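*Asks:* Here is my input, please return the structure:
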Amino acid sequence: MVVVVSPLIALMEDQVKEAKKFGLLALQLADPEEEQIRSGQCHITFGSPESWLLNKKWRELLATKVYRDNLIGIVVDEVHLIYKWGKTDKGEKAFRECFTKLGELRSIVKQGTPVLALTTTADLHSKAIVKNQLHLENATQVTVSPNRTNIRLGLTRVSADTLDCLDWIVREVRLFWP
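*Replies:* Numbering: from 1, shown residues only. Down below sits the predicted model:
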């Protein structure tokens with residue numbers, strides 16, 4: 001079993017669909033098939049930081065015998081949000097405070113449970129904060145080039161008084177929504 005901490009419901013929904021294409025039983029914590037999650041039948045369980053940490057039912061589930069014996073890892077997706085959404089400015093409340101508390105998950109599950117932290121946008125400062133908050137000081141870091149062959153950036157000079165450069169967007173929209 002793998003627990004995935006994800007920041008957005010839409011992202012979780014997409015990931016559940018993708019996992020099912022590979023024959024995996026993947027569910028969100030809010031799924032009506034809750035018994036499959038509780039019994040350990042679910043291969044991948046997705047939930048928000050708030051669900052895993054603030055909902056007593058899900059937090060305690062991680063400490064059950066089923067999860068202590070069968071959990072093979074915790075994945076924190078979009079881990080850079082720990083720093084961006086969990087931080088506070090002086091006197092202000094954090095946007096989503098639970099992001100800064102994700103390290104608590106390690107104290108609930110069996111000691112030594114691997115944690116995989118994924119991000120594509122963390123700078124060196126953010127990475128250091130994430131490592132500290134998730135207690136990953138001795139973790140192996142894998143960095144892959146952000147260059148993608150399917151993404152291109154181009155620059156075109158356009159006059160300020162015309163929007164002709166956006167015609168391609170209108171054509172694409174009309175193609176999909178006639």
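
*Asks:* Now do the longest helix seen in the chain, average pLDDT.
*Replies:* Ordering each helix of the chain by length in residues (DSSP state H) puts helix 9-21 first. For helix 9-21, mean pLDDT rounds to 91.

*Asks:* same thing with stretch 117-134?
*Replies:* pLDDT averaged over stretch 117-134 gives 81.

*Asks:* Against which helices or strands is the longest helix of the chain packed?
*Replies:* Packing partners of helix 9-21 (3 or more CB pairs under 8 Å, 6 or more residues apart in numbering; DSSP states H and E): strand 26-28, strand 44-47. C-beta coordinates here come from the backbone N, C-alpha and C atoms, glycine included.

*Asks:* Same list (those) but as TSV, adding distance to residue 151, mean pLDDT and mean neighbour count.
*Replies:* Listed next are the helices and strands packed on helix 9-21 as TSV, based on distance: least, CB to CB, whole Å; pLDDT from 0 to 100; neighbours: other CB atoms under 10 Å:
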stretch	distance to residue 151	mean pLDDT	mean neighbour count
strand 26-28	27	94	21
strand 44-47	26	94	24
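
*Asks:* Which residue ranges of the chain form strands?
*Replies:* Here the chain has its strands, by DSSP state E, at 2-5, 26-28, 44-47, 73-76, 115-117.

*Asks:* JSON lines please, covering those and showing distance to residue 167.
*Replies:* Formatted as JSON lines, the strands of the chain follow (distance: least, CB to CB, whole Å):
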{"stretch": "strand 2-5", "distance to residue 167": "41"}
{"stretch": "strand 26-28", "distance to residue 167": "40"}
{"stretch": "strand 44-47", "distance to residue 167": "40"}
{"stretch": "strand 73-76", "distance to residue 167": "42"}
{"stretch": "strand 115-117", "distance to residue 167": "42"}
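
*Asks:* for this structure, what spans make up the helices?
*Replies:* Counting by DSSP H, one finds helices in the chain at the ranges 9-21, 34-38, 49-54, 56-61, 65-70, 81-86, 105-108, 124-133, 167-176.

*Asks:* Name the residues that touch the longest one?
*Replies:* Meaning helix 9-21. The contact list for helix 9-21, computed with CB atoms under 8 Å, 6 or more residues apart in numbering, reads 4, 6, 26, 27, 28, 43, 44, 46, 47, 48, 77, 78.

*Asks:* I'm done for today, thanks for sticking with me.
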